[in-house]
Structures are given as C-alpha cells and as structure tokens.
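Colleague: Let me see the structure of the following:
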Amino acid sequence: MDVKPQQLPAIEPRHVDPHAYPQGIAFLDGQYLPMSEAKISVLDWGFLHSDATYDTVHVWNGAFFRLDLHIERFFSGLERLRMSIPFDRAGVTEILHNCVALSGHRSAYVEMLCTRGASPNFSRDPRDATNRFMAFAVPFGSVANPEQLERGLHVSISQRVRIPPASIDPAIKNYHWLDLVCGLYDAYDNNAETALLLDFNGNVAEGPGFNVFAVKNGRLATPATGVLPGITRRSVFDLCAEAGLVAEAVIVSVDALLGADEVFITSTAGGIMPVTKIDGTDVANGKVGPVTTRLKDAYWAKHDDPDWSMPVTYP
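Modeller: As a prediction, the model looks like this:
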C-alpha cells in the first residue's frame, strides 16, 4: 500500500499543549497527524490488556540505524501474536520515513506498533477485535542523560523477577512493563538511577528497555535467557566480531556482575551506556572502562556506515 504524506500545512495542529506532547508526527488510520491528535479508544485491547507489540528504531543525523532488523523483529512479533496489518515491510518502512520527514527531526525516536484493537460489541474474544497499526516519530531520547553517559550510570539490582519466557516470549517486544516499573521504583528508593531485574533462577536478566553486558578479563557476557534479544545487543556482538573480542550470551549471576571489570547497558534509546556503580558499590575502579569506550565509539561510528544506516529524504 502506497501511503503518501500530506503537505505540511494540512497537518498543522489545532490545539497543541507543549507540556503534554512532544513535537512529532504520528501515522494513524491512514493519515499523518501531530502527536497531540493521535488517539486510540479506551476500549482498545492494547490499552485495556496491554495486548500489543511494537518496535523502536532511532534516527541519528538524518538516517535510520539498522532499520531492517527492527522491521523484521516487528513483523515476527505480529506473527507470533496472530496479528495482521494492511502493510508489508516496504509499506511500514515508507510510513516511518514519512513520519520522520514530516516531523523534521534529524535525531528521532521512531516507533511502529500494533494493538489488538477494539471489539465492536466489547467482546471478550480477541478474534473479534480489529488489529490497529500506528507509528510515530518524536525527538530522540536516551536512557542515560549526558552526565550519566560521561561518568556512568548508577544501577540497583531489584529482587523482582522478570516475566518468564514460559509466560511471555521475550522475543516479542511488548508493553508488559509493570515488573520493570516496580523495579525502577526499587532503584529510586535505593538512590540509584535505573534497575536490573532477575530471571526466574535468580540470575541477572534485563532492565527497563535495555540489555546488560559484563566485561571480565576482556571477555563480554550478556544474559542468554528471559530477555529481549535487543538490536543494540546484537550490534555489540557484531562489533566484537569485527574487533576480535569474545562476546557470549550465557548465564550471568549477580556475583559475576558485581565482580566484573566493566559493565554497560545497551538500548536503541542511547546505544552503549556505561555503568560504574551497582547497589552503591563501584564497578571495579568506578570509572568508565576501555572496552566500553572502544565499543561505544565504534557503535556511533557505524551510524555513518551505509550498510548499517538508511538516510531519510526530508521535504
């Protein structure tokens, strides 16, 4: 389906509250809208039951980063949740490009999502709902702010257990975040800035929107089970292969994390971000480590690699 953007004057917001909505453009029900006008029904299963899947990609310096991998993961989630949308991969790609182009953002956080939708008669049968696709582009935001990126994040390990894979396949990116949100409040109570949750065996899992890596004697380890296989996580594996570093997806115990030489987290919202304090104790010497710095620099350099990026055509 060919979805062409309207001219900018046609999408000027009627009522915009800058304190409530970020500046950006959404695609909903076949049209492009200011973020303040993009609405869903309160009867949508995505709202009522968190019955939705989504994916996020970022734009940096006017180009998408690893968009093809995000598109593939999104369509995989649709298939596993038995959802369908009226667009193929090329159609979704075009919509995301249009959202960014119309927003004018050179650095953006871009999301594609599908909810189960609403049932015409408030049916309890999910098969009666009409699936609903939407997308949006807003200014880029990071898990870590500039100060935290410079000195490293302070993290707390919550004793809360991440939803196990037997309940929800972690490969399906979803909005089941209450365990993560509760973990964040645990972290705030412990004077930390973000949290890591445990898996069902008491080992390290993941945090709110990010994976974690531990570096020991030059080797990298990241939790293998009970986590979303993040695109930035995959990028670390790719970068390590190019740099001759060993990176493995394995069981990472709490003791292994606490005893690491370096720790960093990975997310589309921020890239590779150092961690220098866990539960109030310094990671090694409390400084951002050389492996983290090397990979972080390589990661951002890849944003200029045409094999990893896709330029946006702005009006």
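
Colleague: just for the stretch 1-150 of the chain, where's the confidence low?
Modeller: Scanning the stretch 1-150 of the chain with the threshold set as pLDDT under 70 gives 1-20.

Colleague: ok, 80 please
Modeller: Along the stretch 1-150 of the chain, segments meeting pLDDT under 80 span 1-21.

Colleague: So which residues of it form strands?
Modeller: 25-28, 31-34, 52-60, 63-65, 108-115, 132-139 (DSSP state E, counting those that start in this stretch).

Colleague: Indicate which one of those strands is closest to His176.
Modeller: Proximity of the strands of the stretch 1-150 of the chain to His176 was assessed by Cβ to Cβ; the nearest stretch is strand 52-60, lying at 9.7 Å. Placement of C-beta: from N, CA and C, glycine included.

Colleague: who touches Pro116 in this structure?
Modeller: Residue 116: Arg, not Pro. By Cβ atoms under 8 Å, 6 or more residues apart in numbering, the residues touching Arg116 are 44-46, 49, 51-52, 83, 126, 129, 131-132.

Colleague: before we move on, back to that, now the strands of the stretch 1-150 of the chain as a markdown table including mean neighbour count?
Modeller: Formatted as a markdown table, the strands of the stretch 1-150 of the chain follow (neighbours: other Cβ atoms under 10 Å):
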| stretch | mean neighbour count |
| --- | --- |
| strand 25-28 | 23 |
| strand 31-34 | 20 |
| strand 52-60 | 23 |
| strand 63-65 | 23 |
| strand 108-115 | 24 |
| strand 132-139 | 22 |
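
Colleague: if we can go back for a sec, just the buried subset of the contacts of Arg116, written out for PyMOL, thanks.
Modeller: Burial among the contacts of Arg116 is assessed by 16 or more other Cβ atoms under 10 Å; the matching PyMOL selection reads:
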select buried, resi 44+45+46+51+52+83+126+129+131+132
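
Colleague: can the contacts of Arg116 go into CSV with extra columns for distance to Arg106?
Modeller: Output for the contacts of Arg116, formatted as CSV (distance: Cβ to Cβ, whole Å):
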residue, distance to Arg106
Asp44, 32
Trp45, 35
Gly46, 30
His49, 36
Asp51, 34
Ala52, 28
Met83, 32
Pro126, 39
Ala129, 37
Asn131, 32
Arg132, 29
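
Colleague: can I get the strands of the stretch 1-150 of the chain in CSV with distance to Thr292?
Modeller: Below are the strands of the stretch 1-150 of the chain laid out as CSV (distance: least, Cβ to Cβ, whole Å):
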stretch, distance to Thr292
strand 25-28, 35
strand 31-34, 39
strand 52-60, 19
strand 63-65, 19
strand 108-115, 23
strand 132-139, 26
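
Colleague: I'd like to know which of those is closest to Thr276.
Modeller: strand 52-60 (23.9 Å).

Colleague: elements contacting the closest one?
Modeller: Counting contacts by 3 or more Cβ pairs under 8 Å, 6 or more residues apart in numbering; DSSP states H and E, strand 52-60 is packed against strand 63-65, helix 67-80, strand 108-115.

Colleague: list the buried ones in the longest one?
Modeller: Neighbour counts over helix 67-80 (16+ other Cβ under 10 Å) mark 67, 70-71, 73-78 as buried.

Colleague: Name the member of those residues with the shortest distance to Val250.
Modeller: Arg73 (22.1 Å).

Colleague: so where do the helices sit in the stretch 101-250 of the chain?
Modeller: Counting by DSSP state H, counting those that start in this stretch, residue ranges of the helices within the stretch 101-250 of the chain are 146-151, 178-189, 231-243.

Colleague: Give me the residues contacting the first one.
Modeller: So the one you mean is helix 146-151. 142, 154, 193, 270, 273-274, 276, 288.

Colleague: quick revisit: what two of the buried residues of helix 67-80 have the greatest distance between them?
Modeller: That would be Leu67 and Leu78, which, of the buried residues of helix 67-80, are the farthest apart (Cβ to Cβ) at 16.5 Å.

Colleague: what comes up buried for stretch 260-280?
Modeller: Quick answer for stretch 260-280 (16+ other Cβ under 10 Å): 260-279.

Colleague: Tell me how many other residues surround Gly30.
Modeller: 9 (other Cβ atoms under 10 Å).

Colleague: ok so, going back, right, and the pair among the contacts of helix 146-151 with maximum separation?
Modeller: The span of these, defined through Cβ to Cβ, is set by Ser142 and Thr276 at 16.4 Å.

Colleague: roughly how far apart are Lys296 and Ile95?
Modeller: 31 Å (Cβ to Cβ, to the nearest Å).

Colleague: how long is stretch 307-315 from one end to the other?
Modeller: 24 Å (Cα to Cα, to the nearest Å).

Colleague: what's it in contact with?
Modeller: 5, 8, 59-60, 62-68, 97, 100-102, 104, 302-303.

Colleague: please redo it, this time with the cut-off set to 7 Å
Modeller: The contact list for stretch 307-315, computed with Cβ atoms under 7 Å, 6 or more residues apart in numbering, reads 59, 62-67, 97, 100-101, 104, 302-303.
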